[in-house]
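Q: Sequence and predicted structure, then a few things I'm wondering about:
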Amino acid sequence: GIGAVGNALNTSVDTLALSSAGGDVVVTEVNTLTLGAVSVDVVGALGSVVTSSAEDVTLLGNGHVVLQVTSGDVTLTAGTGEVRATGSGNVRLEAVSGALTLGAVIDAGTGAASVLSGGAQSYTAAADVLAGAGVDVQAGGAVTMVSGTVLQTVGTAIRVNAGGAVALGVLDARTALDRTNATTADQGNWGQVSVVAAGALSDAAATVGVDVYAKVARVSATGAVGAADALDLEVSTLSLSAGGAVKLVEASGLTLDNAATTYRRVGTDGVLGAAVTDAALGQGLAAGGTLDLSVGGALLVNAAVSAADTTVVSVTGALTQGANVTVSGSGKTLEVTAASVAMSANAVQLGTNGGDLRVTTTSGDMTLSTVSAVNGSSKGDVALVSAGLIGDLDGSSLISGAGLSLTAVNGVGQLANKLETAVST
């Protein structure tokens with residue numbers, strides 16, 4: 001080993017490289033540090049020069065790597081600044097008050113990795129963080145990844161918490177089986193993902209590829225989410241809150257719910273700490289601007305969905321609505337398209353604040369409860385287009401607006417259950 005828990009090797013150097021065949025690596029650096037290649041020339045007694053070269057931080061065996069810089073920044077040099085502890089030990093890399101610039105991989109093997117900084121963090125395409133037991137990234141500033149950056153676990157949690165904006169590469173919490181086979185058969189055993197951004201959350205890759213693989217994803221951003229290019233998801237359950245516009249594409253089926261997530265942090269002793277909870281956000285999805293949600297399978301709404309501006313929800317499969325879907329902006333529109341639509345109770349609302357509202361089913365029935373385009377004297381029009389029946393739950397259901405347009409293949413209302421409306425036209 002090099003250093004020990006409670007007795008770190010204290011250094012004041014510009015560049016560091018090391019390797020150990022076992023034990024732990026515990027190093028505390030007092031200044032700005034670069035992990036990279038180091039070459040030392042020693043002149044012998046007869047004048048011959050012996051050169052000793054080293055690169056990377058490498059630990060064999062199952063020990064921990066704890067590398068802390070107390071003052072200054074940390075840079076991992078491409079090709080020569082890798083951090084590898086590929087046994088079952090953990091990795092903690094920390095710039096207490098500075099920034100992290102990662103140009104090389106951090107590989108914690110079957111252990112966990114915590115990457116912490118008082119300042120911002122930036123990642124190149126080569127700067128993957130691989131840790132079977134969990135990845136924990138926390139920065140006092142922005143976290144900026146690029147296309148090709150991957151944070152990866154084996155069915156365990158990934159958390160990114162930034163004191164600024166976040167640009168995501170790929171967060172991959174799949175199990176090894178599904179990653180190898182490119183399937184979702186084992187999605188119930190995938191890890192959770194939590195992203196917290198004090199600013200916007202963007203898709204650094206700007207492609208149609210998936211950005212987040214998770215069983216449950218919790219996303220909180222004070223700015224927009226996926227505004228310029230949609231955030232692409234393969235998640236089972238999502239809870240999201242954004243201060244701005246939201247644009248999402250889910251590859252398969254999705255449940256919107258009020259979900260919490262947990263993560264674990266590697267301590268300064270190298271030991272993985274107890275689970276910490278990122279509390280539930282209080283809704284399924286909340287957008288402070290426009291909302292554009294596309295779902296490649298069925299959509300189940302178990303917790304409220306709200307947006308401040310124009311909203312478009314497109315669902316390839318069935319939409320089952322067990323909580324409100326509303327647009328709060330005055331006169332802003334709501335458009336919902338799904339194979340079929342089923343609202344579960346009369347307390348559930350599909351509504352706007354005086355804006356137009358359109359619901360379309362492409363292959364099945366539409367069973368409605370409260371559909372409202374009314375706010376006081378402000379009224380929008382309602383258009384319902386069904387490839388099957390347009391019906392409601394019972395006599396307490398109500399469709400209200402200024403005008404109402406109904407188009408159906410298999411009828412509107414039923415003799416035993418009329419369609420209740422409150423419209424002018």
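A: Looks like it came in fine.
Q: gap between the two ends of stretch 73-85?
A: Taking C-alpha to C-alpha, to the nearest Å, stretch 73-85 runs 22 Å from one end to the other.
Q: Helices of the chain, residue ranges please.
A: Counting by DSSP state H, the segments of the chain that form helices are 176-181.
Q: By mean pLDDT, point me to the weakest helix or strand of it.
A: Within the chain, judged by mean pLDDT, DSSP states H and E, the helix or strand with the poorest mean is strand 49-54; its value is a mean of 80.
Q: What lies in contact with it?
A: Contacts to strand 49-54, defined as C-beta atoms under 8 Å, 6 or more residues apart in numbering, come from residues 17-19, 37-44. For the C-beta atoms, the positions are set from N, CA and C on the backbone; glycine is no exception.
Q: got a list of what residue 126 touches?
A: Residues near residue 126 by C-beta under 8 Å, 6+ apart: 78-79, 103-105, 148.
Q: And for residue 225, the neighbour number?
A: 30 (other C-beta atoms under 10 Å).
Q: Settle this for me: it is touching residue 238, isn't it.
A: No - between residue 225 and residue 238 there is no contact under C-beta atoms under 8 Å: 11.0 Å.
Q: Identify the residue nearest residue 214 in space, chain neighbours excluded?
A: residue 193 (3.9 Å; C-beta to C-beta, 6 or more residues apart in numbering).
Q: Show the contacting residues for that neighbour.
A: 157-159, 171, 173, 212-214, 216-218, 235, 261.
Q: check contacts around the residue nearest to residue 368 when sequence neighbours are not counted.
A: Nearest residue to residue 368 in three dimensions, chain neighbours excluded: residue 392, at 4.8 Å (C-beta to C-beta, 6+ apart). For residue 392, the contact set (C-beta under 8 Å, 6+ apart) comprises 367-369, 399, 413, 417, 419-420.
Q: got a markdown table for those, with neighbour count and pLDDT too?
A: Shown next, in a markdown table, are those (neighbours: other C-beta atoms under 10 Å; pLDDT from 0 to 100):
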| residue | neighbour count | pLDDT |
| --- | --- | --- |
| 367 | 21 | 96 |
| 368 | 24 | 95 |
| 369 | 21 | 94 |
| 399 | 24 | 95 |
| 413 | 16 | 89 |
| 417 | 13 | 86 |
| 419 | 18 | 92 |
| 420 | 16 | 93 |
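Q: ok, of those, which one's closest to residue 283?
A: For the contacts of residue 392, the closest approach to residue 283 (C-beta to C-beta) belongs to residue 369, at 19.1 Å.
Q: how much space is there between residue 255 and residue 305?
A: Distance, residue 255 to residue 305, by C-beta to C-beta, to the nearest Å: 12 Å.
Q: same deal with residue 54?
A: Distance from residue 54 to residue 305, by C-beta to C-beta: 55 Å.
Q: quick one, which of these two is more surrounded?
A: Ranked by neighbour count (other C-beta under 10 Å), residue 54 and residue 305 place residue 305 first, with 24 against 17.
Q: what residues are up against the most centrally placed residue in the chain?
A: In the chain, the centroid-proximal residue (C-alpha atoms, centre = their mean) is residue 195; its distance is 4.9 Å. Contacts for residue 195 (C-beta under 8 Å, 6+ apart) come out as 159-161, 166, 168, 171, 201, 212, 217-221.
Q: Let me know whether residue 162 touches residue 144 as I believe.
A: No - using C-beta under 8 Å, residue 162 is not in contact with residue 144, being 9.1 Å away.
Q: Compare these two (neighbour count), which wins?
A: Counted by other C-beta under 10 Å, residue 162 and residue 144 do not tie: residue 162 has more neighbours, with 25 against 22.
Q: For residue 156, the count of nearby residues, please.
A: By the criterion of other C-beta under 10 Å, residue 156 has 19 neighbours.
Q: how far away is it from residue 116?
A: 18 Å.
Q: Where does the prediction get shaky in this structure?
A: Counting by pLDDT under 70, the chain contains low-confidence residues at 207-208.
Q: relative to its centroid, which residue of it is most remote?
A: residue 46 (61.5 Å).
Q: Now it. Its backbone dihedrals?
A: phi -100, psi 10 (degrees, to the nearest 10).
Q: cool, and residue 23?
A: phi 70, psi -160.
Q: give the contact list for it.
A: With contact set as C-beta under 8 Å, 6+ apart, residue 23 has these partners: 1-2, 4, 61, 63.
Q: Where neighbours are concerned, which of those residues has the most?
A: residue 63 (23 neighbours).
Q: Hmm, residue 87 and it touching each other?
A: Yes - between residue 63 and residue 87 there is a contact at 7.2 Å, judged by C-beta under 8 Å.
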